[in-house]
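Novice: A structural model of the following input is requested.
(4 chains)
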There are 2 protein chains.
Amino acid sequence: MSKIKILLVEDDPNLGQILNEYLQLKGYDTVLCEDGESGLEAFQQDKFDFCILDVMMPKKDGFSLAKDIRAMDRQTPLIFLTAKSMKEDTIEGLKLGADDYLTKPFSMEELLLRIKAILKRTNSNGGAKSGISSYQLGDLLFRYDKSVLERPSGDVKLTSRENELLKLFCEHLNETLDRSVALMAIWKDDSYFNARSMDVYIAKLRKYLKEEESVHILTVHGQGFKLVKID
Amino acid sequence: MSKIKILLVEDDPNLGQILNEYLQLKGYDTVLCEDGESGLEAFQQDKFDFCILDVMMPKKDGFSLAKDIRAMDRQTPLIFLTAKSMKEDTIEGLKLGADDYLTKPFSMEELLLRIKAILKRTNSNGGAKSGISSYQLGDLLFRYDKSVLERPSGDVKLTSRENELLKLFCEHLNETLDRSVALMAIWKDDSYFNARSMDVYIAKLRKYLKEEESVHILTVHGQGFKLVKID
DNA sequence: GCTTAGAGTTAAAAAAAGTTAAATGCTGAC
DNA sequence: GTCAGCATTTAACTTTTTTTAACTCTAAGC
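Specialist: Purely as a prediction, here's the structure:
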């Protein structure tokens, strides 16, 4: 089993340094970023098993960063560090899908305990580390783990782009998925050509989903797409 | 617009009584239940716009009740009342989909503020999570979820602007919808050109609705438009 | 009744998305 | 290493959606 990889985003160089060294000492693989923007870049570049985000940071605060991370990925555990015990912040943070919350000052042991508790929980109850791995879409069953879309008329083997894109849609079921979010999540780069490439994949997915009446990808012009399931 | 209906579940008779009277005084329609089980029955019986649940209760605690409510209904706002500031509880509760959290003792004003804030938020961000996804307009059925207006003479596929605008009208049925409100809601920017663009869409919607005699978009000169349905 | 700002109508321009196929890139078998 | 086969990107072209513009009509104030 390889090392658990943690993204640590903390603007205070002292604290950041200390946390970073401590976590590495404890056997984690860490990446330390000094602000929200570089944190986002790092998250797009690599796969992480855990995120620790400071709330107050220059360029992009922790909540904003969490929102972007959550748009790309729904399950990576995420905890916030904050200066004061602000109830409003706690609630905001937790609604963004945080798993926990630490108020400064906190002890290293406390942080470690929280991390372990969360990893234990997410690893055990989800089976695999990567959360949900299959989605029911009417009569279709999308098996992300197997890259297959099981249909009454016959299964379709999905390519990795198709697979990732459909998963992203499933994670955002009935919500608009912004073009840029999808592009950054899958292509790691929001550019004209990648956008056109995505359009091609949208067409492919539509073709695969065509036989299921209750499921549609509809386009939100100028913004993105929405996978809609009607119950 | 009718009164907002709140389900209040609180086992302490004193606090329950006080909250109930206060909320009614403030113009809400309330139903008070003394335990989780009767709370669940009440929720099954009626439609509510808001739920306030005590966490510690006999028969069925607030979390269990919340879970049951969420199983039936994903969007009705829901806040918890709890005796102590227990972080674990807060997190559990928010993961069940709570919108907020109040620690006893709290002031009536605080409760009221939270309720208003949440209602405002959930009403405004309509987009993805808003409950209703289809509207009956005489013989026409507007299916927001599918972006389709179903008419006896044949269905019309709506573009995303048409879809959003018609939904906004349906949400404001028989009320004047201000130009600026619609522009901000859909175009995110209240400017001359967007206003003219909207006028073009008004014309399109009128054309689509023409065959249904009982439904009209009428203009309120200098202010906005009003979707009127005659029963 | 005249004036004017707001709204209605229509069509063209511009931007975004859909479609299809060819070009390119990648991977694994040989 | 080379080649076949598939995945992905690029490209050219089409269609749809949205915006802009020009012109007309109407309501409200004077």
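Novice: beta partners of A:Thr30?
Specialist: According to DSSP bridges, A:Ile6 are recorded as the beta-bridge partners of A:Thr30.
Novice: now it: how far from A:Met57?
Specialist: 17 Å (Cβ to Cβ, to the nearest Å). Yep, even glycine has a C-beta here, placed from its N, CA and C like the rest.
Novice: Which one of the two is surrounded by more residues?
Specialist: Of the pair A:Thr30 and A:Met57, A:Met57 is the one with more neighbours under other Cβ atoms under 10 Å in any protein chain shown, namely 24 against 20.
Novice: from what I can see the more buried one touches A:Glu37, true?
Specialist: No: the pair A:Met57 / A:Glu37 is not scored as a contact, 9.1 Å apart, by Cβ atoms under 8 Å.
Novice: Quick check: the closest residue to A:Leu137 other than its chain neighbours vs A:Asp139, distance?
Specialist: Closest residue in space to A:Leu137, ignoring its immediate chain neighbours: A:Val215 at 4.8 Å, by Cβ to Cβ, 6 or more residues apart in numbering or on different chains. According to Cβ to Cβ, A:Val215 and A:Asp139 sit 9 Å apart.
Novice: more neighbours, the two?
Specialist: Between A:Val215 and A:Asp139, A:Val215 has the larger neighbour count (other Cβ under 10 Å), namely 19 against 14.
Novice: for that one, what are its contacts?
Specialist: A:Leu137, A:Gly138, A:Leu140, A:Leu209, A:Leu227, A:Val228, A:Lys229, A:Ile230 (Cβ atoms under 8 Å, 6 or more residues apart in numbering or on different chains).
Novice: Ramachandran angles for the residue lying closest to the last one once chain neighbours are set aside?
Specialist: In space, not counting the residues next to it along the chain, A:Ile230 is nearest to A:Ser214; the distance is 4.7 Å by Cβ to Cβ, 6+ apart. Here the main-chain torsion angles of A:Ser214 (degrees, to the nearest 10) amount to phi -80, psi 0.
Novice: How much space separates A:Ser214 from B:Glu164?
Specialist: Relative to B:Glu164, A:Ser214 is positioned 22 Å away (criterion: Cβ to Cβ).
Novice: Looking at the two, which one has more neighbours?
Specialist: When neighbours are counted by other Cβ under 10 Å, A:Ser214 and B:Glu164 differ, and B:Glu164 comes out ahead with 21 against 14.
Novice: Tell me the residues of chain A that contact DNA strand C?
Specialist: By the criterion of Cβ under 7 Å from any atom of the strand, the positions of chain A lying close to DNA strand C are A:179, A:195-196, A:199-200, A:202-203, A:206, A:219-224.
Novice: Now the phi/psi pair for the residue nearest the centre of chain A, please.
Specialist: Relative to the mean C-alpha position of chain A, the nearest C-alpha, by Cα atoms, centre = their mean, is the one of A:Asp73, at 1.4 Å. Summarising the backbone geometry of A:Asp73 under the convention degrees, to the nearest 10, its torsions are phi -150, psi 120.
Novice: Please apply the same query to A:Leu158.
Specialist: Dihedral angles for A:Leu158 - degrees, to the nearest 10 - are phi -100, psi 140.
Novice: Who are the contact partners of the closest residue to it other than its chain neighbours?
Specialist: Taking Cβ to Cβ, 6+ apart, and ignoring the residues beside it in sequence, A:Leu158 has A:Ser147 as its nearest neighbour in space, at 4.7 Å. With contact taken as Cβ under 8 Å, 6+ apart, A:Ser147 is in contact with A:Lys157, A:Leu158, A:Thr159, A:Ser160, A:Glu162, A:Asn163.
Novice: The residue lying closest to the residue nearest to the centre of chain A once chain neighbours are set aside - how many residues pack around it?
Specialist: Of all residues beyond its chain neighbours, the one nearest A:Asp73 is A:Ala185 (7.2 Å), with distances taken as Cβ to Cβ, 6+ apart. Burial measure for A:Ala185: 22 neighbouring residues, criterion other Cβ under 10 Å.
Novice: Need the per-residue pLDDT for A:Ala185.
Specialist: pLDDT, the model's per-residue confidence, is 92 for A:Ala185.
Novice: now the one 5 residues further on
Specialist: A:Asp190 is assigned a pLDDT of 90 by the prediction.
Novice: So it, which state does it fall into?
Specialist: Assigned with DSSP: H, G, I helix; E, B strand; the rest coil, A:Asp190 falls in the coil class.
Novice: Please tell me how far it sits from A:Leu165.
Specialist: Computed as Cβ to Cβ, the A:Asp190 to A:Leu165 distance reads 15 Å.
Novice: quick one: which of those two has more around it?
Specialist: For A:Asp190 against A:Leu165, the residue with the higher neighbour count under other Cβ under 10 Å is A:Leu165, and the figures read 25 against 15.
Novice: What helix or strand is the residue nearest to that one when sequence neighbours are not counted located in?
Specialist: Nearest residue to A:Leu165 in three dimensions, chain neighbours excluded: A:Tyr201, at 5.4 Å (Cβ to Cβ, 6+ apart). Under the criterion DSSP states H and E, the helix or strand holding A:Tyr201 is helix A:192-209.
Novice: residue ranges with poor pLDDT in chain A?
Specialist: Residues of chain A that meet the criterion pLDDT under 70 lie in A:1-2, A:84-97, A:121-132.
Novice: Which helix or strand contains the residue in it sticking out farthest from the centre?
Specialist: Here chain A has its C-alpha centre computed as a mean, and the residue farthest from that point, by Cα atoms, centre = their mean, is A:Ser153 with 32.2 Å. Counting by DSSP H and E, no helix or strand carries A:Ser153.
Novice: Would you confirm that it contacts A:Glu211?
Specialist: Yes: shown here, A:Ser153 and A:Glu211 form a contact pair, counting by Cβ under 8 Å, at 5.9 Å.
Novice: Can you report how many residues lie near the closest residue to A:Met56 other than its chain neighbours?
Specialist: Nearest residue to A:Met56 in three dimensions, chain neighbours excluded: A:Ala83, at 6.1 Å (Cβ to Cβ, 6+ apart). Applying other Cβ under 10 Å, we find 13 residues neighbouring A:Ala83.
Novice: now A:Met108
Specialist: A:Met108: 13 surrounding residues under other Cβ under 10 Å.
Novice: Which other helices and strands does the helix or strand encompassing A:Ala42 contact?
Specialist: Secondary-structure assignment from DSSP H and E places A:Ala42 in helix A:36-45. With contacts taken as 3 or more Cβ pairs under 8 Å, 6 or more residues apart in numbering or on different chains; DSSP states H and E, helix A:36-45 sits against strand A:5-9, strand A:29-33, strand A:50-54, helix A:62-72.
Novice: Tell me which of these sits most buried.
Specialist: Per-stretch averages of neighbours, counted by mean count of other Cβ atoms under 10 Å in any protein chain shown, single out strand A:50-54 among those, with a mean of 25.
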